[in-house]
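Colleague: Provided below are the primary sequence and the corresponding predicted coordinates.
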Amino acid sequence: MQSIGYIHSIETFGTLDGPGIRYVIFLQGCPLRCKFCHNPDTWRVGAGKKRTADDLVNEIKSYLPYYKSSGGGVTVSGGEPLLQTEFLLPLFKKLKKLGVHTAIDTSGFAEVEKVKEMLNYTDLVLLSIKHADPEKHQNICGRSSERPRAFARYLTKINKPVWIRYVIIPGLTDDDESLDKLTEWINPMENVTRLELLPYHSMGMYKWEKLGLSYSLTDVPIPAPEQMELLRKRFSISLPHLYSNSASEPAGMQHSPGMPCQADNDRRPGIYL
Ligand code: SF4
């Protein structure tokens, strides 16, 4: 019997989640509860539309010329895609047989042993670091950072290409100590090829209200473009190996970043190195 994926939504012409033009699958279900989440409608496990890997691959095949000619492929985002590894494994195996570039967009909240095989069929990991300080990580997303740390260590061990995503939230993630800790985390990861700094926004707030949830960041301002530019400069000094002379076109990469994760069109350009 084929394993079933629980799908929140699909974007057939994504340009924000990995290189090139991509088929982006947003899976349903997330174990985190990020205070800044703009997609709380993806949280519930077991909801969403059921699709098989074959079904999706057949659909993807019709778009393949676009993805391949742009250097793109398929990205699985969420929610948290690693909650559905049993579905991802056959899906990625089939895609790799077709020569498709594969990526996951994840918080890294997974048991390494359970995702190792799937990672063999994954070309790129977009790793969204919620906070580099353990206590603040717990505070911001309701979960310990131990699993994301272990996941990141494993990615480095197997030299898996990684893009880091980090949301700049005034008063929560943008102080010097937090940014220094982020640098300390990323610096030894020789497999990281890109850092995306994403400005916080509150455009998903209406979804919280719709779901009867209490949004705690109502008074948090959106970072000014000048602040984002200063932060970009800061990281260009602290992580020079990720620095590109062009702020708008990092080496080998083609697109503005989207949000850390995931299913939504409420995206804003970030600043990346
Ligand atoms: S931001 Fe992403 S990881 Fe965090 S709660 Fe929302 S869907 Fe989950």
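Modeller: It's in.

Colleague: Contacts only, for residue 73.
Modeller: 18-20, 22-23, 67, 95, 100-103, 123 (C-beta atoms under 8 Å, 6 or more residues apart in numbering). (Each C-beta comes from the backbone N, C-alpha and C, glycine too.)

Colleague: Can you tell me the closest non-neighbouring residue to it?
Modeller: By the measure of C-beta to C-beta, 6 or more residues apart in numbering, the closest residue to residue 73 outside its immediate chain neighbours is residue 101, 3.0 Å from it.

Colleague: and the gap between the nearest residue to residue 205 once chain neighbours are set aside and the ligand?
Modeller: Among residues not flanking residue 205 along the chain, residue 215 sits closest, at 5.1 Å (C-beta to C-beta, 6+ apart). Going from residue 215 to the ligand by C-beta to the nearest ligand atom, to the nearest Å gives 12 Å.

Colleague: and residue 215, backbone torsions?
Modeller: phi -90, psi 120 (degrees, to the nearest 10).

Colleague: ok, residue 212 - contacts?
Modeller: Contacts of residue 212 by C-beta under 8 Å, 6+ apart: none found.

Colleague: What distance do you get for it to residue 40?
Modeller: Counting by C-beta to C-beta, to the nearest Å, the gap from residue 212 to residue 40 is 10 Å.

Colleague: how many other residues sit next to the residue nearest to residue 73?
Modeller: Residue 101 sits with 20 neighbouring residues when counted by other C-beta atoms under 10 Å.

Colleague: Over to residue 177?
Modeller: Residue 177 has 10 neighbouring residues, counting by other C-beta under 10 Å.

Colleague: Just say helix, strand or coil for it.
Modeller: Three-state call for residue 177 (DSSP: H, G, I helix; E, B strand; the rest coil): helix.

Colleague: Would you mind listing the buried residues in stretch 10-17?
Modeller: By 16 or more other C-beta atoms under 10 Å, the buried positions in stretch 10-17 come out as 10-11, 14-17.

Colleague: One more: stretch 169-177?
Modeller: Going by 16+ other C-beta under 10 Å, stretch 169-177 has these buried residues: 169-170, 172-174.
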